[in-house]
Every structure is written in C-alpha cells, then in structure tokens.
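# I would like the atomic coordinates for the input below:
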Amino acid sequence: MGPYNQAIAAPGPFLFVAGQIPLDPVTGEIVSGEISTQTEQVMANLEGILTAAGANWSNVVKTTVFLSDLANFGAMNQVYARYFPPETAPARACVEVARLPKDVLVEIECIAALA
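Residues are numbered from 1 along each chain as shown. Next up is the predicted model:
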C-alpha cells in the first residue's frame, strides 16, 4: 500500500513492526466483520512477521493500537489479552483515530527485542 517495510531489524537488536491491519495475506482482501474478527487477523499478521524474524510474543516490548472508535476497546482488548499474559504484557498505547487505511476498525504496530 505504500513505500514501507513490514518490519525493520535495528541495532539493539530491536524489530520495529509496521502497523498491521486486518488484511488476509492469502487473498489480499480486508477481513470484514466486527472488531474481534479484525483484531484476530491483525494479531495473526503480527505473529507471522515476528515468527519470520525469529521472535515471538514474549519478545514484544511495546505496542501501539489504533482504533477507529474507542467504544471497540473492550472487544479488541479481549482478543489482545489472549496473546499477552498480564505479568509480561508489553507497554501499550491505544488511541482513537479519525480514519484507518481501507476504513478498517483496528491497526496495531509493535516493537520486539530480539536479544
């Protein structure tokens, strides 16, 4: 969708993962449905990138969640929480934005420590 990389490994070493939207990598189509369904696809996309870099959820140290409507926070958070146990959950920011690419409901980016 633009001139960017899905992820960049940087000295530290850190992996900076670009914001992921609920795009099905097989079909190239946006997964329609409620916030829960879209969040599941976003998390699957993040997991695929982490795995390709030799990382997993326990390596994630920071996330930023962008929601088109903060009223969706609870449902998004129920899905998100399955990936991050409270005692090891990364730092997180969550903001409502006026609009997201392709009019999706959620976008999530993350930073992972690779060492």
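# which helix or strand contains the closest residue to residue 57 other than its chain neighbours?
When the adjacent residues along the chain are set aside, residue 57 lies closest to residue 83, with 5.2 Å between them (CB to CB, 6 or more residues apart in numbering). For glycine as for every other residue, the C-beta is placed from the backbone atoms N, C-alpha and C. Assigned by DSSP states H and E, residue 83 falls within no helix or strand.
# how close does residue 83 sit to residue 101?
In this structure, residue 83 lies at 22 Å from residue 101, with CB to CB, to the nearest Å as the measure.
# let's see the pLDDT reported for the closest residue to residue 10 other than its chain neighbours.
With CB to CB, 6+ apart as the measure, residue 16 is the residue that lies nearest to residue 10, at 6.2 Å, once sequence neighbours are left out. Per-residue confidence (pLDDT) for residue 16: 97.
# again with residue 47
Turning to residue 47, the model gives it a pLDDT of 98.
# check contacts around it.
56, 57, 83 (CB atoms under 8 Å, 6 or more residues apart in numbering).
# again, only this time at 10 Å
20, 55, 56, 57, 83 (CB atoms under 10 Å, 6 or more residues apart in numbering).
# which two in these are spaced the farthest apart?
The widest separation within these, taken as CB to CB, falls between 20 and 56 and amounts to 15.8 Å.
# list the contacts of the helix or strand of the chain with the lowest mean pLDDT.
Taking mean pLDDT, DSSP states H and E as the measure, strand 7-10 is the helix or strand of the chain with the lowest mean score, a mean of 87. Where contact means CB under 10 Å, 6+ apart, the residues beyond strand 7-10 that reach it are 14-18, 20, 46, 49-50, 52-55, 109-112, 114.
# mind listing the strands for this structure?
Ranges of strands in the chain, per DSSP state E, are 7-10, 14-20, 60-67, 91-96, 106-113.
# now the last one: buried residues?
Neighbour-count burial for strand 106-113, counted by 16 or more other CB atoms under 10 Å, picks out 106, 107, 108, 109, 110, 111, 112.
# with the shortest one instead?
With burial defined by 16+ other CB under 10 Å, the residues of strand 7-10 counted as buried are residue 7.
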